[in-house]
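Student: Give me a 3D structure for the following:
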Amino acid sequence: MKRPLVVLTALVFFPGMLLMGGIGVFAQEITLDQYLERVQENHPYFTKEDLNIDIEKKGAESLLGAEDWQLTIAPSYNFFGEASAPEYGGQERAHRLGVDAKIERSLWSTGGRLGFTATSSYLNTDPLMGPSERFKHGFGMSYTHPFLQNKRGVLDRLEYELSDFAVELQKVQSIENKEAFLLDAAVRYLDWVYYSEVVSIAKQRLVLAEEQLKQTDRKYKANLVDKVDLLRAEDAIRISKQTILQLEAQWMAKQAELAVISGTDDIYGLAPSYDLYALEPLPQKTEAVGRMREQSRLLRVFTVTRDQLLGRRRGFVEMRKPQLNVTVGGGFYGADEKFGDSLAIYNPDASVALVFSKTLDNRTMNATIEQLDLQVRQLDEEMRSVELDLESSMVSLLIRIVELEKVLALNRAQIESAEEKTEEELKLYNRGRSQLTFVIQSRDNEQNARLSLAENAALYHGLILQYRALLDELLKTD
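Tutor: Predicted coordinates:
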């Protein structure tokens, strides 16, 4: 299943203030899609996943070797003593020297087995009339054809045909792994966007703090405020600069992290291009769940696995059938006491055999088939369970996204309220009816509201990324 988006790495809430220019203005930017494309092109993880598919394909191709021609050459020597020699025309001894060669193969189209043989032998015996020699040479052919079990090569092709399911499963798993990796990379990019935004907010706060310092300094020189107000204004600037330096360090660390993952150093010269505050149009719950069921690769895994089990079941049903095979053979041979005359290979031999074989009861096959039926039922139930889990995750995500949109609206209202409050505090301070502390606090509250909006916006887009991954739309495939 899709792993949940843990937490946006270091989505830290900084209570008001930030700083000055360690991060310059970048002439070029990089979008999320562009960054993910670079990750796919350069990270070895994607090559590794592609190799997993290639390995599985080669494993499938190796099964084709079952249809290759098999060559067997068997030279032999036999000595027959007094007990066996009479069977070969001898009295006390007989010597036989020979070589047999055979080449054969399975024919997946018929389920039969075709073979060709070549034989050559020399026999030396000691009959009563004196030593005797005999040479024999010949060529033959045989073919075995099934009429019941393995008709049309069903069993011969079974493992190769089942290997297609294994390749398909590996493809789906590899794509799932790639998408999970991209989801992690996308979240890291989103962190970078978040840090960019909080640095920008901090710099805006610093500009206001510097303007406030100038105004307070003028009032102090005109003896309109106490020195403590001047010190407070200066302290606000120092705190802002300190905070922004910390944030910029995190921004640059995240940039370096993304550069390493994408395998491109030019990331160091780029800035993220992402509308953190944009809202995504979402379908209704029923439409989203329907799309998920149609597109889910995880559910596809169950479908392929089910087909694989049914294919294996068909194989065992085939093996349960009795065997009825016919074997026909024939050849031409030559034999003589003289080697030259024995090469006249024109004497025919022929044979026909019909073999019937059946396992009575066949409890092994019956139990195996019943076991596979139970596995298919179990898989169907598991698929329904996972489908419900995915639907639950989808509905939960949509609810959280919709509720976060309401939170974002409240954040924007809070910012407007904080801005209005700051204006009123400034008016009171400029009239001498309030202290600078309240102005600084009001501006800090305003910054906090902006930071809260940025944080919730980042969480919102993190959920959007989860939503896209759950629909299997994060990774673009052909």
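Student: Show me where this protein has its strands.
Tutor: Applying DSSP state E to the chain gives strands spanning 28-31, 70-80, 94-107, 112-125, 132-146, 270-273, 323-336, 347-357.
Student: Just want to check the distance between the nearest residue to Arg134 once chain neighbours are set aside and Ala94.
Tutor: With CB to CB, 6 or more residues apart in numbering as the criterion, Arg134 has its nearest non-adjacent residue at 4.4 Å, and that residue is Leu123. C-beta coordinates here come from the backbone N, C-alpha and C atoms, glycine included. Distance, Leu123 to Ala94, using CB to CB, to the nearest Å: 7 Å.
Student: Give me the common contacts of those two.
Tutor: Tyr88 (CB atoms under 8 Å, 6 or more residues apart in numbering).
Student: What lies in contact with stretch 55-68?
Tutor: Counting by CB under 8 Å, 6+ apart, Arg105, Ser106, Leu107, Trp108, Asp156, Glu159, Tyr160, Ser163, Asp164, Ala166, Val167, Gln170 sit against stretch 55-68.
Student: Tabulate the residues you listed (JSON lines), appending distance to Phe116, neighbour count and pLDDT.
Tutor: Compiled in JSON lines, the contacts of stretch 55-68 are given as follows (distance: CB to CB, whole Å; neighbours: other CB atoms under 10 Å; pLDDT from 0 to 100):
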{"residue": "Arg105", "distance to Phe116": "10", "neighbour count": "16", "pLDDT": "94"}
{"residue": "Ser106", "distance to Phe116": "14", "neighbour count": "21", "pLDDT": "93"}
{"residue": "Leu107", "distance to Phe116": "13", "neighbour count": "16", "pLDDT": "93"}
{"residue": "Trp108", "distance to Phe116": "18", "neighbour count": "18", "pLDDT": "92"}
{"residue": "Asp156", "distance to Phe116": "19", "neighbour count": "20", "pLDDT": "91"}
{"residue": "Glu159", "distance to Phe116": "26", "neighbour count": "14", "pLDDT": "92"}
{"residue": "Tyr160", "distance to Phe116": "24", "neighbour count": "17", "pLDDT": "92"}
{"residue": "Ser163", "distance to Phe116": "29", "neighbour count": "19", "pLDDT": "93"}
{"residue": "Asp164", "distance to Phe116": "32", "neighbour count": "15", "pLDDT": "93"}
{"residue": "Ala166", "distance to Phe116": "34", "neighbour count": "15", "pLDDT": "93"}
{"residue": "Val167", "distance to Phe116": "34", "neighbour count": "19", "pLDDT": "95"}
{"residue": "Gln170", "distance to Phe116": "39", "neighbour count": "19", "pLDDT": "94"}
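Student: Among the residues you listed, which are located in helices?
Tutor: Asp156, Glu159, Tyr160, Ser163, Asp164, Ala166, Val167, Gln170 (DSSP state H).
Student: can you pull the contacts of the residue lying closest to Ala185 once chain neighbours are set aside?
Tutor: Distances taken as CB to CB, 6+ apart place Val39 nearest to Ala185, at 5.0 Å, with adjacent residues excluded. For Val39, the contacting residues are Phe46, Phe181, Leu182, Ala185, Ile261, Ser262, Gly263, by CB under 8 Å, 6+ apart.
Student: Narrow those to just the buried residues.
Tutor: Buried residues within the contacts of Val39, counting neighbours by 16 or more other CB atoms under 10 Å: Phe46, Phe181, Leu182, Ala185, Ile261, Ser262.
Student: gap between Ala101 and Asp126?
Tutor: From Ala101 to Asp126 the distance is 29 Å (CB to CB).
Student: no, scratch that, I was asking about Trp251
Tutor: The value you get for Trp251 to Asp126, if CB to CB is used, is 101 Å.
Student: Would you mind telling me which of these two has more residues around it?
Tutor: Trp251 (22 against 16; other CB atoms under 10 Å).
Student: I figured that one hits Ser196, correct?
Tutor: Yes. The criterion here is CB atoms under 8 Å, and Trp251 meets it with Ser196 at 6.5 Å.
Student: Would you mind listing the buried residues in stretch 233-248?
Tutor: For stretch 233-248, by 16+ other CB under 10 Å, it's Ala233, Ala236, Ile237, Ile239, Ser240, Lys241, Thr243, Ile244, Leu247, Glu248.
Student: Can you show me the CA trace of that stretch as CSV?
Tutor: The C-alpha trace of stretch 233-248 is given here as CSV (Å, rounded to 0.1, in the frame of the first residue of the first chain):
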residue,chain,number,x,y,z
ALA,A,233,13.6,48.0,18.2
GLU,A,234,17.3,47.1,17.9
ASP,A,235,16.7,43.9,19.7
ALA,A,236,13.9,43.0,17.3
ILE,A,237,16.2,43.4,14.4
ARG,A,238,18.9,41.2,15.9
ILE,A,239,16.5,38.5,16.7
SER,A,240,15.1,38.6,13.1
LYS,A,241,18.6,38.4,11.6
GLN,A,242,19.5,35.5,13.9
THR,A,243,16.4,33.6,13.0
ILE,A,244,16.7,34.1,9.3
LEU,A,245,20.3,32.9,9.3
GLN,A,246,19.1,29.7,10.8
LEU,A,247,16.3,29.4,8.2
GLU,A,248,18.7,30.2,5.3
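Student: Which other helices and strands does the helix-or-strand element of the chain with minimal mean pLDDT contact?
Tutor: Lowest on mean pLDDT, DSSP states H and E among the helices and strands of the chain sits helix 339-342, with a mean of 82. Other elements packing on helix 339-342 under the criterion 3 or more CB pairs under 8 Å, 6 or more residues apart in numbering; DSSP states H and E are strand 132-146, strand 323-336.
Student: Spatially, what comes nearest to Asp164 if we skip its sequence neighbours?
Tutor: Nearest one to Asp164, counting by CB to CB, 6+ apart, is Ala60 at 6.9 Å.
Student: Gly89 too?
Tutor: Per CB to CB, 6+ apart, closest to Gly89 is Thr125, 4.8 Å.
Student: How about that neighbour: which residues does it bridge to?
Tutor: In this entry, Thr125 is beta-bridged to Ala94, Ser132, by DSSP bridges.
Student: can you tell me which residues contact it?
Tutor: Neighbour list for Thr125: Ala85, Tyr88, Gly89, Gly90, Gln91, Arg93, Ala94, His95, Pro131, Ser132, Arg134 [criterion: CB under 8 Å, 6+ apart].
Student: low pLDDT regions in the stretch 101-250 of the chain?
Tutor: 127-131 (pLDDT under 70).
Student: again, only using 80
Tutor: Counting by pLDDT under 80, the ranges of the stretch 101-250 of the chain that qualify are 126-131, 208-209, 211-213, 215-216, 218-220, 222-225, 229.
Student: and the contacts of Thr125, which are buried?
Tutor: Counted by 16+ other CB under 10 Å, those give Ala85, Tyr88, Gly90, Ala94, His95, Arg134 as buried.
Student: the helices in the chain, which residues?
Tutor: Counting by DSSP H, the helices of the chain are 32-42, 44-62, 154-221, 227-262, 285-295, 297-320, 339-342, 363-430, 436-470.
Student: Report the rounded mean pLDDT for stretch 28-46.
Tutor: Stretch 28-46 carries an average pLDDT of 93.
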